[in-house]
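Visitor: Give me the fold of what follows.
(chains A and B)
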2 protein chains.
Amino acid sequence: MQKYLSNVVKVGPYKLGGKNPVRVQSMCNTNTRDMTATVAQILKLEKAGCEIIRVAVPDMAAAKALGKIKKRIHIPLVADIHFDYKLAIEAAEQGVDKIRINPGNIGSDENVKKVVTVCKKKKIPIRIGINGGSLEKDILRKYKGKVTAAGMVESAIRHIRILEKHNFRNILISLKASDIERTVEAYRMLAKKVDYPLHIGVTEAGTTFRGTIMSSIGLGILLYEGIGATLRVSLTADPVEELKVAWEILKSLKLRKKGVTVTSCPTCGRTQIDLISLAKKVEEAVEFMDKDIHIAVMGCVVNGPGEAREADIGVAGGNGAGAIFRKGKVIKSVKEKEILAALLAEVDKLK
Amino acid sequence: MQKYLSNVVKVGPYKLGGKNPVRVQSMCNTNTRDMTATVAQILKLEKAGCEIIRVAVPDMAAAKALGKIKKRIHIPLVADIHFDYKLAIEAAEQGVDKIRINPGNIGSDENVKKVVTVCKKKKIPIRIGINGGSLEKDILRKYKGKVTAAGMVESAIRHIRILEKHNFRNILISLKASDIERTVEAYRMLAKKVDYPLHIGVTEAGTTFRGTIMSSIGLGILLYEGIGATLRVSLTADPVEELKVAWEILKSLKLRKKGVTVTSCPTCGRTQIDLISLAKKVEEAVEFMDKDIHIAVMGCVVNGPGEAREADIGVAGGNGAGAIFRKGKVIKSVKEKEILAALLAEVDKLK
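Guide: I've put the predicted structure just below:
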């Protein structure tokens, strides 16, 4: 299958699209006017791996807070705006790195021109954000009241043409629906029609449990096809959770590397060591380790050694004992209670 | 994209493959010889939605326990066997519903014939289970020591041909690797060569957090293409967790229905009610409810009403209040502290 290859736009220091790394973003759930709370949350999210942060800009007080917020953070800042072009202009003047606004919803072509002019001057892109829950009424009517992938794409193209008419092509697009099929089909359809970088996400995905699975499937299918210059995992939870899930999706697909990867087998009737507890302890011990290595924690000798051979460090459990592997070679056998320490000692020696 | 459509085999009362429902399975991590522990775990897994259960059969004592285990459970029982054809014969005689064994690994054609004969007599299928960690040495050599999707498929075809030579076609196949790409590519490749039902899974996926994401992506990609007659989510965790994840994957893709679906939006600076807490409470309240309905919990009026309209019951939050929707119509507005009760009262009225 041919992978989607978009053109490239810049958001702050990052190039998005093309063959550039897929960037992880999130959105604050603080009141943007409350600068202290907003900056505190962004600094926390930066630590959790957030690379681009978006804030809601519901009014002029929020817009006017953006410059001060930006000075106190270290990642690109995106202003999320609905309907009011004046907020977009103020946000751009405040120095944000990207505006999310739908040009068809801001009243007039004159207003669009003003927004485009300031974005050109400031060299910042606009993200058109189509959401299944807020499609234009005439498009909904055309599709018999149903939110369809085709309707979402039609809405996106309409907004894109408005910007292109003003000779503005510094654009990203998102097409979020609350189910996987419409999300996937809408992005696939749009990817055939345009070559703008795509911001991907499944919206209203739910609580951490459900949202993690919905987002993993939906974004996983798209990323596997090359669709997605940047992603946001939407969870009804602390945004820190969104970042953990986003990074794990990218690591699972080997699109980004961040920290240590631990694979471990499901246990079965052949397992003779306490593998669940061992795998958890290994995962906890390496959680914040800044090394790009792969550890395999395997319970038995059937698939264990084969799998562990592919890892940088591995253990294959036996009867109350474990064989420690390093770069494909058994380096020692240790008693069960010594496995964790032996594994971590080997990890320490790497890089 | 054309979806894979396999032929159909029977496992106990279930038809697997074709357009039949994708069945959820798991594997015991008890010692199979310990009947009490094994039966207790299976009964617990049945309650968690397990539809087919596999147990490891490492020796004759385990094989001889299978008949008694089967009598005390209510779902099809699968015997997982490596290398020893006598265990397969005993398992079949004990009345299991499926055997997992790789016919190329059981010593001789004579042994294969004996296994095939008893499986034909008992009308039970054989699953060929290819695992990236235990590929044949000559295939590994051919692919320069690397575990590749092509090598896994070659191994599968070799085992399939052995059974077909004995005129046995009551077959399922799995091709599990520990990363998404090899798993997906192997299944896609095999799906072009055979029409047997496929048992899907990503093996050694890891702890609950990582394994949930790996499995959601890998199995999600395959299921979206029609690949997967039955699935197992492998987690280094209590098998109950595997079932929760497996069901949520199938529900997310609308392939199966089980219980209430709750969608909820990520919160943002526009949210004026305590949505995270509300969504969690709703999810908890409906967790074991046996209704096939969709509840939307939305924080604001931008996308809220549009999304909530598509749900059976929904709420769109406003300033300390919520508008309750039912089948597309606003039925009332309530204060924030009354939203949960109002939503659940409406849920009660459905079906």
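Visitor: Give me the spatial nearest neighbour of A:Asp90, chain neighbours excluded.
Guide: Asp isn't right for residue A:90; it's Glu. Residue nearest to A:Glu90 in three dimensions, not counting chain neighbours: A:Ala63, with 3.9 Å by C-beta to C-beta, 6 or more residues apart in numbering or on different chains. Backbone N, C-alpha and C define where each C-beta goes, glycine included.
Visitor: is it true that the one you found touches A:Gly95?
Guide: No: under the criterion of C-beta atoms under 8 Å, A:Ala63 is not in contact with A:Gly95, lying 11.4 Å apart.
Visitor: Of these two, give the one with the bigger neighbour count.
Guide: Relative neighbour count places A:Ala63 above the other of A:Ala63 and A:Gly95, with 25 against 15, counting by other C-beta atoms under 10 Å in any protein chain shown.
Visitor: Downstream of the one helix or strand that one maps to, the next helix or strand is which one?
Guide: Applying DSSP states H and E as the criterion places A:Ala63 in helix A:60-71. Sequence-wise, the next helix or strand downstream of helix A:60-71 (DSSP H and E) is strand A:77-80.
Visitor: same for that next one, what does it pack against?
Guide: strand A:52-56, helix A:60-71, helix A:85-93, strand A:98-100 (3 or more C-beta pairs under 8 Å, 6 or more residues apart in numbering or on different chains; DSSP states H and E).
Visitor: pull the CA atoms of it into PDB?
Guide: The C-alpha trace of strand A:77-80 is given here as PDB (Å, rounded to 0.1, in the frame of the first residue of the first chain):
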ATOM      1  CA  LEU A  77       1.300  27.300  21.400                       C
ATOM      2  CA  VAL A  78      -1.900  26.900  19.400                       C
ATOM      3  CA  ALA A  79      -5.000  29.100  19.800                       C
ATOM      4  CA  ASP A  80      -8.300  27.300  19.400                       C
END
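Visitor: So which elements touch the helix holding A:Ala63?
Guide: Contacts defined by 3+ C-beta pairs under 8 Å, 6+ apart place helix A:60-71 against helix A:35-47, strand A:52-56, strand A:77-80, helix A:85-93.
Visitor: and the last one, which residues are buried?
Guide: Within helix A:85-93, the residues that count as buried by 16 or more other C-beta atoms under 10 Å in any protein chain shown are A:Tyr85, A:Leu87, A:Ala88, A:Ile89, A:Glu90, A:Ala91, A:Ala92.
Visitor: Give me the contact list for that helix.
Guide: With contacts defined as C-beta atoms under 8 Å, 6 or more residues apart in numbering or on different chains, helix A:85-93 is touched by A:57, A:59-60, A:62-64, A:66, A:79, A:81, A:99, A:101, A:106-107, A:111-112, A:114-115, A:118-119, A:121-122, A:124.
Visitor: Need the winner for burial among the helices and strands packed on helix A:60-71.
Guide: Among those, the stretch with the highest mean neighbour count (mean count of other C-beta atoms under 10 Å in any protein chain shown) is strand A:77-80, at a mean of 26.
Visitor: which residues sit in contact with the closest residue to A:Lys327 other than its chain neighbours?
Guide: Closest residue to A:Lys327 apart from its sequence neighbours, by C-beta to C-beta, 6+ apart: A:Asp312 at 6.4 Å. For A:Asp312, the contact set (C-beta under 8 Å, 6+ apart) comprises A:Ile293, A:His294, A:Ile295, A:Arg326, A:Lys327, A:Leu350.
Visitor: Save these as TSV, and put in secondary structure and neighbour count too.
Guide: Formatted as TSV, the contacts of A:Asp312 follow (DSSP: H, G, I helix; E, B strand; the rest coil; neighbours: other C-beta atoms under 10 Å in any protein chain shown):
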residue	secondary structure	neighbour count
A:Ile293	coil	18
A:His294	strand	16
A:Ile295	strand	26
A:Arg326	strand	18
A:Lys327	coil	12
A:Leu350	coil	15
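Visitor: quick one: least confident of those residues?
Guide: Lowest pLDDT of these: A:Lys327, 71.
Visitor: ok, back up a step: tabulate the helices and strands packed on helix A:60-71 in a markdown table, adding columns for mean pLDDT.
Guide: A markdown table is the format used below for the helices and strands packed on helix A:60-71 (pLDDT from 0 to 100):
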| stretch | mean pLDDT |
| --- | --- |
| helix A:35-47 | 95 |
| strand A:52-56 | 97 |
| strand A:77-80 | 98 |
| helix A:85-93 | 98 |
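Visitor: and of those, who's closest to B:Glu46?
Guide: The stretch from those with the least distance to B:Glu46 (C-beta to C-beta) is helix A:35-47; that distance is 41.7 Å.
Visitor: quick check: angle from that closest one to strand A:52-56?
Guide: Orientation check (axes from the mean of the first three to the mean of the last three C-alpha atoms, to 10 degrees): helix A:35-47 against strand A:52-56 gives 150 degrees.
Visitor: who does helix A:35-47 touch, helix- and strand-wise?
Guide: The contact analysis (3+ C-beta pairs under 8 Å, 6+ apart) places helix A:35-47 against strand A:52-56, helix A:60-71, helix A:239-252.
Visitor: So for A:Pro21, which of these sits nearest?
Guide: Minimum separation from A:Pro21 across the helices and strands packed on helix A:35-47 (C-beta to C-beta) falls at helix A:239-252, 8.6 Å.
Visitor: The closest one and chain B, are they touching?
Guide: Yes: with C-beta under 8 Å from any C-beta of the partner chain as the criterion, chain B is reached by helix A:239-252 at A:Pro239, A:Glu242, A:Lys244, A:Val245, A:Glu248, A:Ile249, A:Ser252.
Visitor: Residues in contact with that helix: which ones?
Guide: Residues outside helix A:239-252 that contact it (C-beta under 8 Å, 6+ apart): A:22, A:24-29, A:41, A:44-45, A:48-50, A:208, A:211-212, A:215-216, A:219-220, A:223, A:231-235, A:256-259, A:261, B:180, B:209-210, B:213-214, B:217, B:266.
Visitor: which parts of the stretch 101-250 of chain A sit against chain B?
Guide: Counting by C-beta under 8 Å from any C-beta, the stretch 101-250 of chain A comes close to chain B at A:131-135, A:147, A:178-181, A:184, A:203-207, A:209-210, A:212-214, A:216-218, A:220-221, A:224, A:234-239, A:242, A:244-245, A:248-249.
Visitor: Whichever of those residues end up buried, select them in ChimeraX.
Guide: A single ChimeraX command is used to select the members of these judged buried by 16+ other C-beta under 10 Å:
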select /A:131,132,133,134,135,147,178,179,180,184,203,204,205,206,207,210,212,213,214,216,217,218,220,221,224,234,235,236,237,238,239,242,244,245,248,249
